[in-house]
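A.B. asks: model this:
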Amino acid sequence: MRRSDGRLNAPAWLGVSISTSWRDYDPAVVEEELALLRAHGLNLTRSFPLWPDFHPKPDRLDKTMLQRYEDLLDRHAAQGMATVSTLLSGEPSWCGGRDPYRDVWLVARQAWHVRELTARFADHPAVAGWLLEAPARDGEVLESWAQLMIDAVRAGGARQAVSLDHGHDPRRLAAIVDWTCPQASDDDPLGVAFACELARLGGQPVVLNDLGAGSDHFCRLVLHATLLAGATGWLAPNAPSKPQLLEMTRFADTLTEIDFDRCERLPVDTALVVSAAVDRWSYVAARQADLALGFEHEADGIAEGYLLYLVPSTARPAAASWRRLAALAEQGATVYASHPEPDEMFGVENQRRYGRPHPVSTGPVRFTFRTDFAGLHAGDELVFDAGHTYLPVRPVSAEVVAVDDEGNPALLVKRHGAGRLVLCTYPLEQMANAYRLYDALAEAAEVYRPVAVPDPRILVDGLRHADGREWYCLLNLSPDRVTARPGATLPPYGVEWLSCGRRQ
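C.D. replies: This next block holds a predicted model:
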């Protein structure tokens, strides 16, 4: 199945936010800062024509501030750089405590501000796009406000891409924004990558607005992990440290080396089914098993074409989605479900009393395999951190593949047409070390993994160049030296790119 990774432009956006003191604007300081960024391979900034400074009275813009912003844009153009202009950042004192999203007069003042600024700078070659400062909340009021502000951008004559800040629901805003903006608020690079994957559900390009303020190795891991997760633009926070800036320089060199602007994500054979409740831990387990994923939101319909469908315990699909998954299994797919509401679809009978879940005893949970299952053999054991509950079932037409410490069915397989249904009676996504089971599921479903590393500390994914070459990235997420393959040992938090021939 092909993964989309829409692009805003070429080359990819790579830059930092810049904080400008408009009341004490110093062109020489701006010139020096932009020259430094350009020397480090960056091509973009995010700038802030602050609403209180530029709009001091309800019906007047400050001409001096407008001239200073034009100077900033001219200096970008002279360096061969561009900027994303962030509008409505801050709040003027004349707002008087009014609600900026519900008060009609204040909404009209904001639209006027946006229209006037875009009309003045829409044709400037240094403007790459427009970003509207908006609260981190969703709903009809926010969406209506966003539509009015974006209409004001267009009314001002701007044709550049436009979006909202603060990572709003990408599926709800896909029709009006040109890219989505997840933020690196997570301290785990895979968590940030997961946010990028979810942001792609709206079908729009993903630009990471804030790489976070962590260490140089955190910056390195986030840049590469989100690239593999479909991001096509990156912005660091204001005044990144020198080590962070050097990491961005190295990343810029990597984008040039692999000719990123002519690359696309590799097709995938595995789908992660998500719903209103999403669980990043199933994503983490899949990535530890070197499974590249497509995301299927059940509200949009679950597409065919995958060999393996993963339904984590938090997904809770509706009845229609279960019927769809059963049909896909009948056509030859492997469908794995963790701790669902079981019925005859999985070939089991529910043994819960009064519909209540059964708690898990304290301590680790151990699965012992009774029969071979892909790369796991009879007698093999998998140990997981204790979870919350388990699902007591009695097999009817399903085969018990593994049992827990008390002999209860833990993993069951039912042949279903040309495919199979796999049921796990424990919510493994709430535990740890689920990657070995996901690895076995991938082997059972014959998922294509051209480059795989058995160590879960190494993340592997790839890109395909327009000329047919494939690039694979090996990313060490741990503080240890790890041997990823013969002759290749990655240092702590290290990265290695491999070039392969055309995929047949």
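
A.B. asks: when you work out contacts or count neighbours from here on, use the C-alpha atoms and nothing else.
C.D. replies: Noted.

A.B. asks: can you list contacts of the helix ranked longest in the chain?
C.D. replies: Longest helix in the chain by number of residues (criterion: DSSP state H): helix 104-121. Helix 104-121 is contacted from outside by 55, 58-59, 61, 70, 87-88, 95, 98-101, 127, 145, 148-149, 152-158, using Cα atoms under 8 Å, 6 or more residues apart in numbering.

A.B. asks: what does stretch 331-346 give?
C.D. replies: So stretch 331-346 is in contact with 306-313, 316, 325-326, 328-329, 348-350, 390-391, 397-398, 413-414, 417-429, 441, 444-445, going by Cα under 8 Å, 6+ apart.

A.B. asks: thinking again about what came up before, for the helix or strand that comes right after the longest helix of the chain, what is the average pLDDT?
C.D. replies: Where DSSP states H and E defines the elements, the next helix or strand beyond helix 104-121 is strand 127-132. Average pLDDT, strand 127-132: 96.

A.B. asks: just the CA atoms of the helix or strand following strand 127-132, as CSV, please.
C.D. replies: Next helix or strand after strand 127-132 toward the C-terminus (DSSP H and E): helix 140-155. Provided in CSV are the C-alpha atoms of helix 140-155 (Å, rounded to 0.1, in the frame of the first residue of the first chain):
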residue,chain,number,x,y,z
GLU,A,140,-16.9,24.3,15.7
VAL,A,141,-16.1,27.8,17.1
LEU,A,142,-12.3,27.4,16.4
GLU,A,143,-13.0,25.9,13.0
SER,A,144,-15.3,28.7,12.0
TRP,A,145,-12.8,31.3,13.3
ALA,A,146,-10.0,29.5,11.3
GLN,A,147,-12.1,29.6,8.1
LEU,A,148,-12.7,33.4,8.5
MET,A,149,-9.0,34.1,9.1
ILE,A,150,-7.9,32.0,6.1
ASP,A,151,-10.5,33.7,4.0
ALA,A,152,-8.9,37.0,5.1
VAL,A,153,-5.5,35.7,4.0
ARG,A,154,-6.9,34.9,0.6
ALA,A,155,-8.8,38.2,0.4
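
A.B. asks: list only buried entries from the contacts of stretch 331-346.
C.D. replies: 306-313, 316, 325-326, 328-329, 348-349, 390-391, 397-398, 413-414, 419-429, 441, 444-445 (16 or more other Cα atoms under 10 Å).

A.B. asks: so of those residues, which ones are in strands?
C.D. replies: 308-311, 348-349, 390, 413-414, 419-424 (DSSP state E).

A.B. asks: among those residues, which two are most distant?
C.D. replies: Tyr390 and Gly419 (25.4 Å; Cα to Cα).

A.B. asks: verify the contact between Ile302 and Arg324 for me.
C.D. replies: Yes: using Cα atoms under 8 Å, Ile302 is in contact with Arg324, at 7.3 Å.

A.B. asks: of these two, who's got more company?
C.D. replies: Taking neighbours as other Cα atoms under 10 Å, Ile302 and Arg324 compare with Ile302 leading, 20 against 16.

A.B. asks: please enumerate the helices of the stretch 251-400 of the chain.
C.D. replies: Secondary structure of the stretch 251-400 of the chain (DSSP state H, counting those that start in this stretch): helices at 280-288, 319-330.

A.B. asks: could you list the domains of this protein?
C.D. replies: Domains of the chain are assigned by automatic domain parsing as 13-257, 270-444, 458-500.

A.B. asks: rank the ones you listed by pLDDT, which is bottom?
C.D. replies: Across the domains of the chain, the lowest-scoring stretch is domain 270-444, with a mean of 88.

A.B. asks: quick check: end-to-end length of it?
C.D. replies: 12 Å (Cα to Cα, to the nearest Å).

A.B. asks: kindly report the same for stretch 349-364.
C.D. replies: First-to-last residue span, stretch 349-364, Cα to Cα: 26 Å.

A.B. asks: residue numbering should commence at 22 henceforth.
C.D. replies: With the count now opening at 22, the last piece we talked about shows up as stretch 370-385.

A.B. asks: let me have the helices of the stretch 272-421 of the chain in JSON lines, extended by distance to Ala505.
C.D. replies: Listed next are the helices of the stretch 272-421 of the chain as JSON lines, based on distance: least, Cα to Cα, whole Å:
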{"stretch": "helix 301-309", "distance to Ala505": "13"}
{"stretch": "helix 340-351", "distance to Ala505": "34"}
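
A.B. asks: which stretch among those comes nearest Ala99?
C.D. replies: Closest to Ala99 of the helices of the stretch 272-421 of the chain is helix 301-309 (Cα to Cα; 42.5 Å).

A.B. asks: count the neighbours of Gly150 for me.
C.D. replies: The burial count for Gly150: 20, using other Cα under 10 Å.

A.B. asks: quick check: phi and psi at Asp460.
C.D. replies: phi -60, psi -40 (degrees, to the nearest 10).

A.B. asks: is it true that it touches Ala310?
C.D. replies: Yes: between Asp460 and Ala310 there is a contact under Cα under 8 Å: 5.1 Å.

A.B. asks: so for the two, which sits in the more crowded spot?
C.D. replies: Ala310 (28 against 23).

A.B. asks: and the domains of the chain as TSV, adding distance to Arg24?
C.D. replies: Below are these laid out as TSV (distance: least, Cα to Cα, whole Å):
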stretch	distance to Arg24
domain 34-278	9
domain 291-465	6
domain 479-521	11
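
A.B. asks: quick one: which of those is nearest Cys284?
C.D. replies: domain 479-521 (4.2 Å).

A.B. asks: Arg96: neighbour count?
C.D. replies: Here the number of neighbours of Arg96 (other Cα under 10 Å) works out to 19.

A.B. asks: you'd agree it is in a strand?
C.D. replies: No: counting by DSSP: H, G, I helix; E, B strand; the rest coil, Arg96 is not part of a strand but helix.

A.B. asks: ok, the residue nearest the centre of the chain - contacts?
C.D. replies: What sits nearest the mean C-alpha location of the chain, by Cα atoms, centre = their mean, is Cys217, with 1.4 Å. Cys217 is in contact with 203, 227, 229, 247, 250-252, counting by Cα under 8 Å, 6+ apart.

A.B. asks: just the ones of these in helices?
C.D. replies: Filtering the contacts of Cys217 for helices - DSSP H - leaves Thr247.

A.B. asks: most neighbours among the contacts of Cys217, which one?
C.D. replies: For those, the largest number of neighbours (other Cα under 10 Å) sits with Val227, at 31 neighbours.

A.B. asks: verify the stated contact: that residue with Trp200.
C.D. replies: Yes: counting by Cα under 8 Å, Val227 touches Trp200, with 5.7 Å between them.

A.B. asks: bridged to the closest residue to Leu63 other than its chain neighbours, which residues?
C.D. replies: Once flanking residues are discounted, Leu63 sits nearest to Gly36: 5.1 Å by Cα to Cα, 6 or more residues apart in numbering. Beta-bridge partners recorded for Gly36 (DSSP bridges): Leu65, Leu256.

A.B. asks: for Gly36, give me its contacts.
C.D. replies: By Cα under 8 Å, 6+ apart, the contact set of Gly36 is 58, 63-67, 255-257.

A.B. asks: for those residues, work out which two are farthest apart.
C.D. replies: With Cα to Cα as the measure, no two of the contacts of Gly36 lie farther apart than Leu58 and Trp255, at 13.8 Å.

A.B. asks: more neighbours: those two, which one.
C.D. replies: A direct count of neighbours by other Cα under 10 Å for Leu58 and Trp255 places Trp255 higher, at 24 against 20.

A.B. asks: the more buried one and Glu467: what is the separation?
C.D. replies: Distance, Trp255 to Glu467, using Cα to Cα: 35 Å.
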